[in-house]
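1. the amino acid sequence is not available; the structure is as follows:
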């Protein structure tokens with residue numbers, strides 16, 4: 001045998017001896033992932049009890065701490081439920097008679113916009129002129145035959161006038177605006193009836 005063949009056999013034996021006959025251990029499988037927590041399902045809210053009935057209070061379960069030993073406690077004695085009392089409103093006391101001095105009381109203050117006297121006078125003038133113009137136009141068409149749209153416009157103008165009359169003392173700015181709208185409606189209506 002030649003030296004070359006002997007060296008090749010040794011190398012081949014060393015290469016085959018280390019990996020071919022020896023079985024490699026299979027790699028360990030990775031650990032399974034931890035289980036996911038169960039999804040929390042929202043609980044529908046409890047309906048509100050009717051007025052006068054106290055809502056019941058539920059006891060929530062108490063979970064023991066994981067590192068503490070569980071010890072059994074004797075059950076708590078149950079107390080008898082207190083009877084529910086029906087609450088009746090106290091009878092209304094009769095109103096106290098008012099002294100004669102308080103009988104003539106000042107009118108209650110009303111809320112509204114604070115206007116300067118000259119502004120109030122200008123708004124009153126606008127209200128008066130618009131109201132007079134609207135009434136004049138409505139009187140002019142009162143005896144004529146109106147179609148459905150014209151009758152609706154006349155009714156709306158009259159409603160604006162009635163609203164303006166009701167608030168001229170407390171809110172002159174709104175009363176003047178309503179009277180102006182009534183005058184515009186009545187003028188358009190009078191022009192369409194001709």
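-> Good, I have the coordinates. Predicted model, so just to flag it, every value in this text is computed and none were measured.

2. neighbouring contacts of the longest helix along the chain?
-> Within the chain, and with DSSP state H defining each element, the longest helix by residue count is helix 117-140. If you take CB atoms under 8 Å, 6 or more residues apart in numbering as the criterion, helix 117-140 is touched by 115, 154, 157-158, 160-161, 164-165, 168, 172-173, 175-176, 179-180, 182-183, 185-187, 189-190. The C-beta positions use only the backbone N, C-alpha and C, and glycine is treated the same way.

3. now do stretch 186-194
-> Counting by CB under 8 Å, 6+ apart, stretch 186-194 makes contact with 133-138, 140-141, 144, 146, 150, 153-154, 157, all of which sit outside it.

4. nearest to residue 42 among the residues you listed?
-> Residue 42 has its nearest neighbour among these in residue 153, at 56.1 Å by CB to CB.

5. wouldn't the closest one be in contact with residue 185 here?
-> Yes. Taking CB atoms under 8 Å as the contact criterion, residue 153 and residue 185 are neighbours in contact, 5.5 Å apart.

6. for these two, indicate the residue with more neighbours.
-> Neighbour totals were compared for residue 153 and residue 185, and residue 185 leads with 22 against 18 (other CB atoms under 10 Å).

7. got the contact list for the more buried one?
-> Taking CB under 8 Å, 6+ apart, we find residue 185 in contact with 134, 153-154, 156-157, 160.

8. Throw together a ChimeraX command that grabs the buried residues out of those residues.
-> Selecting just the buried residues from the contacts of residue 185 in ChimeraX takes one command, with 16 or more other CB atoms under 10 Å as the test:
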select :134,153,154,157,160
